[in-house]
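A.B. asks: Need coordinates for the following:
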Amino acid sequence: MEQRKELFTREEKEKAYAQLAGTVKAYSDETIKRWTADIDGSPVYGGLLSAIVSTFNAQTYSSLTPTPRDPTPAILQQISIQLASLSVNSPFINSTHPAYQQAKAMASSVPTAMVWVNALWFSSLILSLSAASIGMMVKQWLNQYVSGLPPETTSSDRHETLESARLRQYRLNNLEKWRVDLFVLAIP
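C.D. replies: You can find the predicted model right below:
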């Protein structure tokens, strides 16, 4: 059997592995840094917007309930009619008018514009809270991605360098598989 010649020396392989690990690290770090920068202010602004919109919601929500008509004038009118219809027959005092029966109070209707305004306020609140929640979730994903990775590949051990590059590439592939980049872009 013929002995197979090695194409590369051990030093050349280690250098290639170190370059590979450096390239994967640079791409990975740049991508995560860019995504993190895109997301950093999003939960804060989403939370502030939600607080402001909640204030408007609280002020305008009460206008959605129709205001019932005040029954006091109707009751006073009924009392007046009954007093006018009293007849005095000895030993009895009778009223010829029936006792007050409260009719269903006709409620005034809510203006359509107010319904639309409130629907838009609540939609805005839902969207801003959703954006803030998604932003925090993506931020956690990115922090989880970085956790456990060595900060620098200063190790001269080829196995450690190769494992670090594999771990980074594996995590980066999964971030792409789960379309984290689309989540980052979708957050306003």
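A.B. asks: Report the separation between the residue nearest the centre of the chain and Asn89.
C.D. replies: In the chain, the residue lying closest to the centroid (CA atoms, centre = their mean) is Ser130, at 1.6 Å. For Ser130, the distance to Asn89 equals 75 Å [CB to CB, to the nearest Å]. Using the backbone N, CA and C atoms, a C-beta is placed for each residue, glycine as well.
A.B. asks: Please report how far Ile126 lies from Ala119.
C.D. replies: 11 Å.
A.B. asks: I'd assumed Glu12 was in a helix, is it?
C.D. replies: Yes. Counting by DSSP: H, G, I helix; E, B strand; the rest coil, Glu12 is part of a helix.
A.B. asks: ok, it - how many residues close by?
C.D. replies: 11 (other CB atoms under 10 Å).
A.B. asks: try the one 10 residues further on
C.D. replies: When neighbours are counted by other CB under 10 Å, Gly22 registers 14.
A.B. asks: do the same with Arg10
C.D. replies: 9.
A.B. asks: next one: Glu163
C.D. replies: 14.
A.B. asks: Phi first, then psi, for it.
C.D. replies: phi -60, psi -40 (degrees, to the nearest 10).
A.B. asks: gap between it and Gln169?
C.D. replies: 11 Å.
A.B. asks: Also Pro188?
C.D. replies: 31 Å.
A.B. asks: ditto for Glu6
C.D. replies: Counting by CB to CB - Glu6 and Gln169 are separated by 25 Å.
A.B. asks: The two: which has the busier surroundings?
C.D. replies: A count of neighbours by other CB under 10 Å puts Gln169 above the other of Glu6 and Gln169, at 16 against 9.
A.B. asks: Confirm that the more buried one sits in a helix.
C.D. replies: Yes. Assignment of Gln169 by three-state DSSP places it within a helix.
A.B. asks: Done for today, thanks.
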